[in-house]
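Peer 1: Sequence plus the predicted model coming up.
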Amino acid sequence: MNRQPRALLSVLLLGLIAFTGWRWWSGQQPPADSGTEIVFSDVTTRGGVLTSSLRSEPRSFNRWVERNFPTEFTSQLTQSTLIRINRATQEIEPALAESWIASPDNRTFTLTLREAAWSDGAPFTSADVLFTFQAIYDPKVNSILAGSLKVNGQPLTVTAPDARTVVIGYPGVFGPGIALLDNLTLAPKHKLEAALAAGTFSQAWGVASPVNEMVSLGPFVLSRYEPGQRLVFDRNPRYWKKDSAGVALPYLDQIVAEVVPDQNAELVRLQAGQIDMLQQQVRPEDIATLRPLVDQGKLQLLELGVGTDPDVFFFNLRQPYWAKDPRGGWITRREFRQAISHAVDRESFANTVYLGAGVPIWGPITPGNQKWFSPNVPRYAFSLERAKALLAGLGLANRDADEWLEDDKGTEARFTVLTYRGNSSLERSAAVLRDDLRPLGIAVDVVALEQGALVERMLKGDFESIFFVYSASALDPGMSPDLWLSSGSAHIWNIGQATPATEWEKQIDDLMRQMMSSVDQAERKRLFDQVQNIFAENLPALYFVAPRMYIGVSSRVGSLTPAILRPQLLWAADRITVRSPGTGQGGR
Amino acid sequence: MGRYLLRRLGFALLLVLVVSSASLLLTRLAPGDITSEQALVLDPASLAKLRTELGLDRPLAVQYASWLAGVVRLDFGRSLLYSRPVSTLIGERALNTAMLASVALVLATVIGLPLGVYSGSRSRGVGRASVRVLSVLALSVPPLIGSLGLVFLAARTGWLPVGGMTSAAGIDQTWAQWLVDLARHLPIPALALALPLAATLERLQSQAIEKATREPFVAASRARGLGHAQALIRHAWPVSLRSVLGLYGIMIGSLFSGSFVVEVITSWPGLGRLMYDALKARDLYLVAGCAASGAFFLAAGTWLADVLLAFADPRVRSQEAR
């Protein structure tokens, strides 16, 4: 026998062994326990351990200077605020301020604090509130919360007539009112006063700090941090909140956040029952993978609604950038952007990028933001004819034998789109845009960059166009002036203008200032609807599809209140319950 | 031998310096820095203040000179990402990586070398063909897919934990329990690292032994009456190790400097993951520190391989003696 048949025989033999092994293994698997439907009311028991995943590690536990999700996540579990915006209803709720009174001119709020204590037993008083404001506004601290706790660029004034009363004065009438305090994570004066005095507040509560230094006002205390592996949060026995039956919250004994950097591995661990929930939404392509477990009653796939931070495509609208570029005459024109909007088939876009789990949108406010979404903004129906007519109006026509349009000077209709490398939805979106514009005769070059490089180019204004995701910190647009105002640092298409570069940006500035200084909710909505209309007419940024968001969670987890903003489930961690076994480590 | 070792040490120090310097300079020169993420949250003045605090506003030459001055004192600076000394962070993670790398190295060796000797010493047969097919399979599967496959297998069977280094109960366990827990977490990442290396070793060993068996001194030993197995082990194998051990140094270096793919997929808190996080965040001091440790392990691995080779092959010893 020569070598070739022997090698073939070996492959066949190996294949046979593998197939037999697979059949044996499949036979070993327990049958699906059908019919075990979990009813939330059956699982509302006290105690137990919930295991969640976390894609990255905290860089610091100091919420006042660090803005990344793991830090916010830790703060959400261990800290508290005076009031909070209910992430599900979007309504303001009392937290450590049990009540408040607004002055007739809506510029002063008098808050009554509830009796509460830090996890080490120290009482929570108005001195902590004063200290928190002092730390946030201290220039040496360089707090990331300082900007969001200012009105018209001015800090709030805070006084404390007694230990349970705080009076907060606004420099002007501010539409979102007391909702602003949802950003105010309270700091323990007795623990951090010395650091503030020494000018080392920003280094306090670093990842190397002993965990018992980090006292808590929230439902849990950080009891252990194992770098690269996990964070463990134990129930805070001094947490102030009780349920309607008077039972002290939280219900859970412990939350373990396992650091799982890879999304695929995270999904496998959820499937294996080694974690109970994810902190990221499930990717559209993973939904089919999880469906069998949902059918078997082992997993819940919760639809959170339509995402509120859709991917955005925008051109560089800084005129100096295009001054010497022959394309500047048409690429910055509104009609060019309108033509692009007409050329994109949003239904097909949703199918390709989000596998159907997306809804067409025509502006930055999606149907997921129920309070502020306007269904009446101008829409750009898919029409290549309309798009071609708009481009012809700009003088773009095919003047040679190739497939691309040219202007009257012969410059090709071509531009470059920068996007994030590794963000699959953005990379797919940019590719779809390129393919959709090709029939129009517009050539698009897609360049995927690493995140830091992309942001650097954006800040310097060194780009032609960008496909990007911008996450607003709040659903109320009045709390995102940096995006809407022409002077804003997040006015991404033309950042930080000294004076509005265009008439329509001036109109938006005026309307937004009126909206931010009005306390009449109906009036604020009316004004913001106008802003959305102007935005949709001028299209400084183009929005195509907002994804529907899903999150996967084990069926043993109950009493969930899903919300669209992160952390979608653990924002109400104090009410979550789990069915036994006591930890999330049990396999399925 | 002493001069030889000193020469290798000098080379190792130079390698560490060049690699870490290049990493620092390239990370610094690439567009964007660690503050880019905050750029849309902070106003320009606060952003500038943050960059000043982190020393990112200094000219490149000043920044490099100050870092180099620290390196001379074995101070690799403070991580911009974690606000902790780079050497402490690397020390913590290097231990984890070393555990994983040692197990993977042993596995790769005990799987790869015997299979290589077996397949190289046979001219035909189903066994030889099967080993070759398996090796080619293991070599052609990218580490990402291999790791995910093993993680999936662990999840599907429930025999082993899917990821991490220890379980959440780890800190409350006795030493013995902790070791058992660690031993349960090791196989998946260790196999993910070891299988492609075992396949590489098998291929290399197979070719080397095939060549060595054709050497005249092996034929002479057979003529003196030694059996096939004895001639193979006593004469052909030590000689064949020369090319295998050459690769060993590089293998040790790459294993001990951490594989970010395997460590990310299996959530192993090692150096590879630290380097990955540092690169993503543009933490230039941490990137330089991780690169320095990688270069150090590579140099150490090569040195170790040279020493082993000197022991294994008498011809090398005699060359060094001359």
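Peer 2: Perfect, I can see it now.
Peer 1: what's the burial count for residue 66?
Peer 2: With no chain named, the answer covers chain A. When counting by other C-beta atoms under 10 Å in any protein chain shown, one arrives at 23 neighbours for A:Glu66. Heads up, the C-betas are built off the backbone N, CA and C, glycines and all.
Peer 1: oops, chain B please
Peer 2: Residues near B:Ser66, counting by other C-beta under 10 Å, number 13.
Peer 1: helix, strand or coil for it?
Peer 2: helix (DSSP: H, G, I helix; E, B strand; the rest coil).
Peer 1: check contacts around it.
Peer 2: By C-beta atoms under 8 Å, 6 or more residues apart in numbering or on different chains, B:Ser66 lies in contact with B:Gly55, B:Arg58.
Peer 1: Excluding sequence neighbours, find me the nearest residue to the closest residue to chain B within the stretch 201-350 of chain A.
Peer 2: At 2.4 Å from chain B, A:Gly228 is the closest residue in the stretch 201-350 of chain A, using C-beta to the nearest C-beta. Nearest residue to A:Gly228 in three dimensions, chain neighbours excluded: B:Pro269, at 2.4 Å (C-beta to C-beta, 6 or more residues apart in numbering or on different chains).
Peer 1: ok, the residue of the stretch 201-350 of chain A closest to chain B touching A:Glu57?
Peer 2: Yes. Applying C-beta atoms under 8 Å, one finds A:Gly228 in contact with A:Glu57, separated by 6.7 Å.
Peer 1: Need the overlap of contacts for the two.
Peer 2: Both A:Gly228 and A:Glu57 are in contact with A:Val259, where contact means C-beta under 8 Å, 6+ apart.
Peer 1: would you say A:Leu196 is within a strand?
Peer 2: No. Applying three-state DSSP, one finds A:Leu196 to be helix, outside a strand.
Peer 1: mind checking pLDDT for it?
Peer 2: Note for A:Leu196: predicted pLDDT of 97.
Peer 1: pretty sure it is touching A:Thr132, no?
Peer 2: No. A:Leu196 is not in contact with A:Thr132 according to C-beta under 8 Å; the separation is 10.2 Å.
Peer 1: out of the two, which sits in the busier spot?
Peer 2: Applying other C-beta under 10 Å to A:Leu196 and A:Thr132 shows that A:Thr132 carries more neighbours, namely 24 against 19.
Peer 1: Could you check stretch A:441-461 and say which residues are buried?
Peer 2: For stretch A:441-461, the neighbour count (16 or more other C-beta atoms under 10 Å in any protein chain shown) marks A:441-444, A:446, A:448-459 as buried.
Peer 1: meant to ask about stretch A:189-208
Peer 2: By 16+ other C-beta under 10 Å, the buried positions in stretch A:189-208 come out as A:Lys189, A:Lys191, A:Leu192, A:Glu193, A:Ala195, A:Leu196, A:Phe201, A:Ser202, A:Ala204, A:Trp205, A:Gly206, A:Val207.
Peer 1: again, but for stretch A:152-163
Peer 2: Counting neighbours by 16+ other C-beta under 10 Å, stretch A:152-163 gives A:Leu156, A:Val158, A:Ala160 as buried.
Peer 1: which one is the first one nearest to, not counting chain neighbours?
Peer 2: Spatially, and ignoring its direct neighbours in sequence, A:Leu156 is nearest to A:Ile168 (5.5 Å; C-beta to C-beta, 6+ apart).
Peer 1: Would you confirm that the one you found belongs to a strand?
Peer 2: Yes. With three-state DSSP as the criterion, A:Ile168 is located in a strand.
Peer 1: Correct me if wrong: it contacts A:Val151.
Peer 2: No. Using C-beta under 8 Å as the test, A:Ile168 is too far from A:Val151 to be in contact (10.7 Å).
Peer 1: The two - which one has more neighbours?
Peer 2: Per other C-beta under 10 Å, whichever of A:Ile168 and A:Val151 has more neighbours is A:Ile168, with 23 against 20.
Peer 1: Quick one: residues contacting the more buried one.
Peer 2: By C-beta under 8 Å, 6+ apart, the neighbours of A:Ile168 are A:Thr108, A:Phe109, A:Leu111, A:Leu156, A:Thr157, A:Val158, A:Leu181.
Peer 1: on that earlier part again, let me know the closest of the buried residues of stretch A:152-163 to B:Ser119.
Peer 2: Taking C-beta to C-beta as the measure, B:Ser119 sits nearest to A:Leu156 out of the buried residues of stretch A:152-163, at 75.9 Å.
Peer 1: so what's the closest one up against?
Peer 2: Residues near A:Leu156 by C-beta under 8 Å, 6+ apart: A:Phe133, A:Leu149, A:Lys150, A:Ile168, A:Gly169, A:Tyr170, A:Pro171, A:Leu180.
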